[in-house]
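>>> here is a sequence together with a model predicted from it:
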Protein chains: 4
Amino acid sequence: MIAVLKPGASPERTQHLIHWLEEQNLGVHVSQGEYQTVLGLIGNTAKVDMEMIQSLDIVESVTRVSDPFKAVNRKFHPEDSVIQAGPAAIGGGHFALIAGPCSVETEEQITYVAQQVKKAGAAFLRGGAFKPRTSPYDFQGLGEEGIRLLLEAKKATGLPIVTELMDIRNLPLFEQVDVIQVGARNTQNFDMLKELGKTDKPILLKRGLAGTIKELLMSAEYIMASGNEKVILCERGIRTYESTYTRNTLDLSVVPVLKGLTHLPVVVDPSHATGHAHLVEPMAMAAAAAGADGIMIEVHNDPPHALCDGAQSLTPEQFAHTAGKIFRIREAMEG
Amino acid sequence: MIAVLKPGASPERTQHLIHWLEEQNLGVHVSQGEYQTVLGLIGNTAKVDMEMIQSLDIVESVTRVSDPFKAVNRKFHPEDSVIQAGPAAIGGGHFALIAGPCSVETEEQITYVAQQVKKAGAAFLRGGAFKPRTSPYDFQGLGEEGIRLLLEAKKATGLPIVTELMDIRNLPLFEQVDVIQVGARNTQNFDMLKELGKTDKPILLKRGLAGTIKELLMSAEYIMASGNEKVILCERGIRTYESTYTRNTLDLSVVPVLKGLTHLPVVVDPSHATGHAHLVEPMAMAAAAAGADGIMIEVHNDPPHALCDGAQSLTPEQFAHTAGKIFRIREAMEG
Amino acid sequence: MIAVLKPGASPERTQHLIHWLEEQNLGVHVSQGEYQTVLGLIGNTAKVDMEMIQSLDIVESVTRVSDPFKAVNRKFHPEDSVIQAGPAAIGGGHFALIAGPCSVETEEQITYVAQQVKKAGAAFLRGGAFKPRTSPYDFQGLGEEGIRLLLEAKKATGLPIVTELMDIRNLPLFEQVDVIQVGARNTQNFDMLKELGKTDKPILLKRGLAGTIKELLMSAEYIMASGNEKVILCERGIRTYESTYTRNTLDLSVVPVLKGLTHLPVVVDPSHATGHAHLVEPMAMAAAAAGADGIMIEVHNDPPHALCDGAQSLTPEQFAHTAGKIFRIREAMEG
Amino acid sequence: MIAVLKPGASPERTQHLIHWLEEQNLGVHVSQGEYQTVLGLIGNTAKVDMEMIQSLDIVESVTRVSDPFKAVNRKFHPEDSVIQAGPAAIGGGHFALIAGPCSVETEEQITYVAQQVKKAGAAFLRGGAFKPRTSPYDFQGLGEEGIRLLLEAKKATGLPIVTELMDIRNLPLFEQVDVIQVGARNTQNFDMLKELGKTDKPILLKRGLAGTIKELLMSAEYIMASGNEKVILCERGIRTYESTYTRNTLDLSVVPVLKGLTHLPVVVDPSHATGHAHLVEPMAMAAAAAGADGIMIEVHNDPPHALCDGAQSLTPEQFAHTAGKIFRIREAMEG
């Protein structure tokens, strides 16, 4: 870590800072420039509170030389992680489609959709039982009953299931769930992350709506630091000034960036990002071409009647078409 | 609510949509234009899932005529709400300074700071016991012990205390806390909001890091819809492309905008927004001049040794100086 | 256009507004709701200043039913536009790679790069003669001499050339340039757009750094309304809060969105957006898979010595590799 | 300047970079860490292309120790600059109100408004003759005739005038204009900035819609580096994700930040930022309290009939009221 001091930093305050840094078990190399002093910090800087140092009034800027994340860091774990969930795998060359409705509604609906997406090549079934909604007056999901219905669909098709946990107090209900999803609004719910770190279930961790790449990795670090190494990262669109024609801005460059920084698999969710069914196929293809390890797509047997996020859903027929194109892109990349 | 259909919308699909809307107990007025059809929706549209309709592929745009929020809406509650907490009040002409350290560290520290900020005119003591930190390796707060120390400081000074709840499972520890703070990362932790809605404690609800004004109001609506009317809104800076010279961008226009839309009091936190002690005073003065009902300022007796967010803190002496200037601004506004 | 008035709008002020709207040659249909009045505006609303109406204090919101853009609008021009430049074409199924160095440096450099990118399948040579740089102390391009060198490279290879115009007073120097590029900082330089609208040269119009989709289309509309129909739109990354790992955020959803809204071809520039050579190939492939009509890539024979934007450039060998992969993606999409 | 190299940087490539840096007349101090190498660059780093170095693939990060701006830098010019224009002054304790209509319409209008705002305490008259509009179909201003009318109003009141230049070819028309405004869309029109740097007129330079603080200072540096030291900086709102209730987000923290970084005066424009008349007064007061050297406010004698940006304008009566409150805030700050 490099700290550049402000030009006017007094020798006393500089010494005070150096002393404080040494108390944190850091080695400090002082380099006195013509105008300014630069401190090089050596030791376990991942445990140093960079923001705190940054905010000191004698400090002009702080730059990390080493990354603040360890467990997720590809530097210390060069091989891709492969996350296994029942018969399905993701990462390290294993590409997976994750498909299903925004909300679970009935047993017929979820089982039918599960069968259809399995036929089209999906490896996981997704479906919302607990739904985060901006308004308290919007449909909030079937809750526990929704999980029961997902498990029926799993029984019928063999597809491992992915569903979102919103309240850590509900964790016991997720015992038979294969992959627990952490939604964009909970990416920095640190107590939840710590708790999930004590389970041995794969966690699909969505990027926050305004989450930086570093923050996403640090949230994965929370899970891994608590003992659970099975983390799947998911890009789902970020909030930008453009929201007229797309709901959020899908940030696909995050795919190669994350693949460089971490060994964890990276999945893309084009349905939530765009908010419009007709944009899902082109963005799913783009995500595949960008190198994503998996793509998560909303599929509903009757989009206009869906209880939530209806028409960002594809029909099973549309999904089969899109899946075919995605697989062709994957072949072209390997060919 | 006004829904504008796309030019090519077929009569069948249009009828299908109208039928569906009527099933939601809405009246539908159809207005056929030269190129496009416009639907006017009448009834309890606050309970209609606008995003769902927006996403239908025959729909071009949806505009709410009435707001999606009811309980927080000034239209239905024209008088300012006054939130009382022990001897202190905020809103409806009651202006309050909320001050204290980012983290509670020791009994001496928190009691000393409490005495100092009280002397300078603060009406509330703030202090973090549970701290949300981006890195699992950063200091996470004293937890339960931190709350105990805050209560000691309260006993010593009479100041009501404000502190953050991060994990709903810890709610029982907050029984003697006067105001429960919901941090920016939990603004849309809907299960937490519902639970807090069942308490009768004032809730200081911070705006999310990329939270819209509407989302902030909808989160307050979650609390109020569950039965708790004591909500204080707090602007604390939003994430924008500019992050070199300030940590976040303090959005002060939100103060008059919120005061127009809702009867709830609005507080500004310039310490977290700017991240630099030397920016706190000018932005606190600006917040007062913009009409804020309260200002929350970090104060620490020894900023360079603070365990978190150290040097965005003012010393007690700096705080007294800033408080004096804020009170002069308040007088100038009334004079 | 639909204008929703605020609940308290007085009958006098409402009449005043209606009268004013009628003076603008608009038909006004008044629809009186229980709480609020809604005005439907009919006529040539593309010429109505929506922002002005929006800002009136009795107006709550304004929604366009018809788009504010006409000439660029696919509704009135359903067929794809094909832009021809010498032997090359772009749009309507014609896919083109545009490649070359950020800055033209020497005749050897530009001719060598031109030959190499042609061999690898590029249809256009790009190169900067006039360079927009944030700092007055950075290299500003060779200027007129740069254009002369580009024309030499064109003579040597037959590739049509694309280069940026920064100052409208330099237009006479662009007489033999095939495609004039308008950079992100000039997307809303309206006087320049009007002047370019009087030429008959293809214009490659880059999206502004914080430009909305609508603004990009309106800027194209400026060119077309002045008489020039040959406009190519270019996505080059937008400014968001994330700027640590990528320079800007490449917004690929804009490709299918624009293809739906307009008949103009859409090109993507992954080099400037990402700012890093190793991200160019995955994002170029993603752009192709998203349906772009062309991709613009920086290629330099000696990136570490490039005078500007050096290491976001690919070497000619890297470009040939990337071009091969892009063409395979294109085949997979058609196959 | 500090460049941190990536862990795997080979000795050859590192030597290559060091050699290249030395060719740029920089001294290079190499500091070899356990994992990574850090280069300290000494010399005239303001003239070094930091972005270029940042983009090299062996470079992990680059941090400036010294600022890239010189002429505007308070470090080298600690005293506030005072910009004089006729009888009026701004900066260095001179506070000024700049007021007038968005667009000049008629001689009666502009002269009447000028008289009214002068009476209320304005020191400058502003008015648009050339108007940047998103749509080619919106009113574009009276042009040359607008300037003539402004000069009539100046003759009638003695107020110096401020008006926007959009096309550098029109500079000769601005000979009698007192302050030339560069709008948000031209903040990085570098050729225009260079040309204005050759005049001796005060330039009111607006921040770009997504302009960083550094970019604003670098644009001012363009003007100053060309010889003109009379630059006034203007905050006018930035583009963020929030655009429902305000047009842009007024970034007031920029006021104390800029006052720390530069000696140039800083003005705030709350009218364009908010887009709503009822938000202008609170934000103008906040801007004054934040320490702005001047405030620019739109005033129109008949807002609902204004040809552009009508209802973000105050009436002369409202302006007089607001001006009174601003002056009271100024007194409270000094008292």
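Sure, I can see it. Model, not experiment: these values are computed from the prediction.
>>> so how far is A:Val182 from the nearest residue in space to A:Asp167 that is not next to it in sequence?
Computed as CB to CB, 6 or more residues apart in numbering or on different chains, the closest residue to A:Asp167 that is not its neighbour in sequence is B:Asp191, at 3.7 Å. Using the backbone N, CA and C atoms, a C-beta is placed for each residue, glycine as well. According to CB to CB, to the nearest Å, B:Asp191 stands 13 Å off from A:Val182.
>>> ok, the two, which is more surrounded?
A:Val182 (24 against 18; other CB atoms under 10 Å in any protein chain shown).
>>> quick check: bridge partners of the more buried one?
A:Leu205 (DSSP bridges).
>>> list the contacts for it?
A:164-165, A:189, A:192-193, A:196, A:203-206, A:219 (CB atoms under 8 Å, 6 or more residues apart in numbering or on different chains).
>>> the residues you listed in helices, which ones?
A:192-193, A:196, A:219 (DSSP state H).
>>> most neighbours, which of those?
A:Ser219 (31 neighbours).
>>> who touches the closest residue to that residue other than its chain neighbours in this structure?
Using CB to CB, 6+ apart and skipping residues adjacent in sequence, the residue nearest A:Ser219 is A:Thr187, 5.2 Å away. By CB under 8 Å, 6+ apart, A:Thr187 lies in contact with A:205-208, A:211, A:215-216, A:219.
>>> thinking A:Gly91 is in contact with A:Glu79, fair?
No: in this structure, A:Gly91 is not within contact of A:Glu79 by CB atoms under 8 Å, at 10.0 Å.
>>> A:Glu60 reaches A:Leu5, doesn't it?
Yes: at 6.3 Å, A:Glu60 counts as touching A:Leu5 under the criterion of CB under 8 Å.
>>> can you list the weak-confidence ranges in chain A?
In the predicted model, chain A carries pLDDT under 70 at residues A:33-35, A:45-47, A:51, A:55, A:65-66, A:303-310, A:335.
>>> and the nearest residue to A:Gln109 once chain neighbours are set aside, what element?
Excluding the flanking residues, the one nearest A:Gln109 by CB to CB, 6+ apart is A:Asn301, at 6.1 Å. Element membership for A:Asn301, per DSSP states H and E: none, as it lies in no helix or strand.
>>> what about A:Asn301, distance to C:Leu279?
38 Å.
>>> give me the more crowded residue out of those two.
C:Leu279 (24 against 18).
>>> tell me the contacts of the more buried one?
If you count contacts by CB under 8 Å, 6+ apart, C:Leu279 has them with A:253, A:256-257, C:246, C:270.
>>> tell me the SS of it?
Put simply, C:Leu279 is helix when judged by DSSP: H, G, I helix; E, B strand; the rest coil.
>>> please list the residues of the stretch 151-300 of chain A that sit near chain B.
A:166-169, A:185-186, A:188-192, A:194, A:208-210, A:214-215, A:218, A:221-222, A:225-226, A:239, A:247, A:275-278 (CB under 8 Å from any CB of the partner chain).
>>> of those residues, buried ones?
When those are checked for burial by 16 or more other CB atoms under 10 Å in any protein chain shown, the buried set is A:166-168, A:185-186, A:188-192, A:194, A:208-210, A:214-215, A:218, A:221-222, A:225-226, A:239, A:247, A:275-277.
>>> tell me where the stretch 51-200 of chain A has strands.
A:59-63, A:83-85, A:88-90, A:96-100, A:124-126, A:161-164, A:179-182 (DSSP state E, counting those that start in this stretch).
>>> quick one: which of these is nearest C:Gly143?
strand A:59-63 (35.2 Å; CB to CB).
>>> A:Ile295 pairs with what?
A:Leu97, A:Val268.
>>> show me what contacts it?
A:97-98, A:267-270, A:284, A:287-288, A:326.
>>> over to A:Phe327?
So A:Phe327 contacts A:Gly121 (CB under 8 Å, 6+ apart).
>>> which helix or strand contains it?
Since the elements are taken from DSSP H and E, A:Phe327 ends up inside helix A:316-334.
>>> run the angle between that helix and helix C:316-334 for me.
150 degrees (axes from the mean of the first three to the mean of the last three CA atoms, to 10 degrees).
>>> dump helix A:316-334 to CSV, keeping only the CA atoms.
Extracted in CSV, the C-alpha atoms of helix A:316-334 (Å, rounded to 0.1, in the frame of the first residue of the first chain):
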residue,chain,number,x,y,z
PRO,A,316,-40.5,-21.9,-23.0
GLU,A,317,-40.5,-21.8,-26.9
GLN,A,318,-38.5,-18.6,-26.9
PHE,A,319,-36.1,-19.9,-24.3
ALA,A,320,-35.5,-23.0,-26.4
HIS,A,321,-34.7,-20.8,-29.4
THR,A,322,-32.4,-18.6,-27.3
ALA,A,323,-30.7,-21.6,-25.7
GLY,A,324,-29.9,-23.0,-29.1
LYS,A,325,-28.3,-19.8,-30.2
ILE,A,326,-26.3,-19.5,-27.0
PHE,A,327,-24.9,-23.1,-27.5
ARG,A,328,-23.9,-22.2,-31.0
ILE,A,329,-22.0,-19.1,-29.7
ARG,A,330,-20.3,-21.4,-27.2
GLU,A,331,-19.2,-23.7,-30.0
ALA,A,332,-18.0,-20.9,-32.1
MET,A,333,-15.8,-19.7,-29.3
GLU,A,334,-14.2,-23.1,-28.7
